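Peer 1: Okay, sequence plus prediction incoming.
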Amino acid sequence: MRIRIFAPFTQTGVGTHAKNVLDFLQRVQSSELTVEAISHIDADQVHRAVQTTSADDISIHFFPDDAAALLKGKKLLWAVFESSRPPPGFLHWFDTFDYVLSPSRWGQECMVRWGAPADRIAVIPEGVDPWVYHPYHVRQKKQVARFLMVGKYETRKGYEVALEAFALAHAQNPQMELWLKPDWIDGVQSQMHVQFARISQAYAGLPISLVHGILSIEQMKLLYREASCFLFPSMCEGWGLPLIEAIASGVPAIACTYGGQSEFLEAIDGHFSAIPYTLGPIGCAQWKSWYPQSDGDWGEWAQIDPGVLAGLMLQAVERDGQPDALHAAHTIRKEFSWERSIDALLRFIFFKLAKTA
């Protein structure tokens, strides 16, 4: 058997997912099982993969590439999306791929709700490396509480809500600061979004620091560790990679539970600050242009009240939730490691997919 991973192996969320899948699959290679990496953005690599395709192959794709239709063997698509309605034309995935993998039951339920065949969707969670992101470090007591938020700038991420909430909270307790890493990264370069730069100007007088650039894993570890609390008011996520990394690092978290992150947040219920929300239609013009739905229904996102979020931030400063954060870290590292994720994937391949051959 040959497993081939078609993905962009970059320092993006999907790139991190793909690289970890590749790394842990390669650990079980043998004379009977080989694993190959194919950059789906490299036309030459994709062409060679098509020319050498075999009926014994299992190809795992992180994007629904046209080349997948030219491949032999079994084909899997790992689908991660960020609204209650999957992307336009998603039902055509099932014309090309034998199974669609979702990192969460939430994602699976969204696809089924919009007409996907339930028996061709498998939930295979993403994960976190417990020996990279862990709470075993000296936690320095800070005079000023540092809130950290990480994720490329989009309306969906909730930066506007976070900035407004921080301004409200800071007015009541000035012993806090906000660190943001909102830049766009394509794996090669990093840039600050023009819209974020414009929005953030209104808060220029507050203690807000911006982190720029592509950081190494060691730099990201340090960024998490220096935070007093991780802030994640995202309206919807496919998984929430920065959130799970921060929690695994032992950082107290304030997070919205709507979306793919619900898969791991349910396991630590009561050991992080859950942001209350209501559901409402997506109103972001940019999102609508990215994912044009002909019937005018883009699904829903969580809607968060900045005043409520400010209250949770003030409570976090007062509580300094280290015991809860340590419990959450241990649970996440145990239940959602990449080892467990890839074990679930291999069980699916060998004991489910093989039976349909």
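Peer 2: Perfect, I can see it now. Note that the structure is predicted; figures quoted are calculated from it, not measured.

Peer 1: can you count the residues close to the residue lying closest to His17 once chain neighbours are set aside?
Peer 2: Closest residue to His17 in three dimensions, ignoring its sequence neighbours and counting by Cβ to Cβ, 6 or more residues apart in numbering: Glu126, at 5.5 Å. Yep, even glycine has a C-beta here, placed from its N, CA and C like the rest. Number of residues near Glu126 (other Cβ atoms under 10 Å) recorded here: 24.

Peer 1: mind listing the strands for the stretch 51-200 of the chain?
Peer 2: Defined through DSSP state E, counting those that start in this stretch, the strands belonging to the stretch 51-200 of the chain, from first to last, are 57-61, 74-78, 99-102, 121-123, 145-150, 176-181, 184-185, 190-191.

Peer 1: Now render the ones you listed as TSV, adding mean neighbour count.
Peer 2: Converted to TSV, those look like this (neighbours: other Cβ atoms under 10 Å):
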stretch	mean neighbour count
strand 57-61	23
strand 74-78	23
strand 99-102	24
strand 121-123	18
strand 145-150	23
strand 176-181	21
strand 184-185	16
strand 190-191	14
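
Peer 1: follow-up on the earlier one: which ones are touching the residue nearest to His17?
Peer 2: Listed by Cβ atoms under 8 Å, 6 or more residues apart in numbering, the contact set of Glu126 reads 17, 20, 103, 239, 241, 244, 336, 341.

Peer 1: Pipe those residues into a markdown table and attach secondary structure and neighbour count per row.
Peer 2: Conversion of those to a markdown table gives the following (DSSP: H, G, I helix; E, B strand; the rest coil; neighbours: other Cβ atoms under 10 Å):
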| residue | secondary structure | neighbour count |
| --- | --- | --- |
| His17 | helix | 22 |
| Asn20 | helix | 20 |
| Pro103 | coil | 25 |
| Trp239 | coil | 24 |
| Leu241 | helix | 20 |
| Ile244 | helix | 24 |
| Phe336 | coil | 22 |
| Ser341 | helix | 20 |
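
Peer 1: gap between the nearest residue to Gln175 once chain neighbours are set aside and Ala227?
Peer 2: Nearest residue to Gln175, sequence neighbours excluded (Cβ to Cβ, 6+ apart): Val144, at 5.3 Å. Between Val144 and Ala227 the computed distance is 12 Å (Cβ to Cβ, to the nearest Å).

Peer 1: Kindly report the same for Glu339.
Peer 2: As for Glu339, its distance to Ala227 is 26 Å (criterion: Cβ to Cβ).
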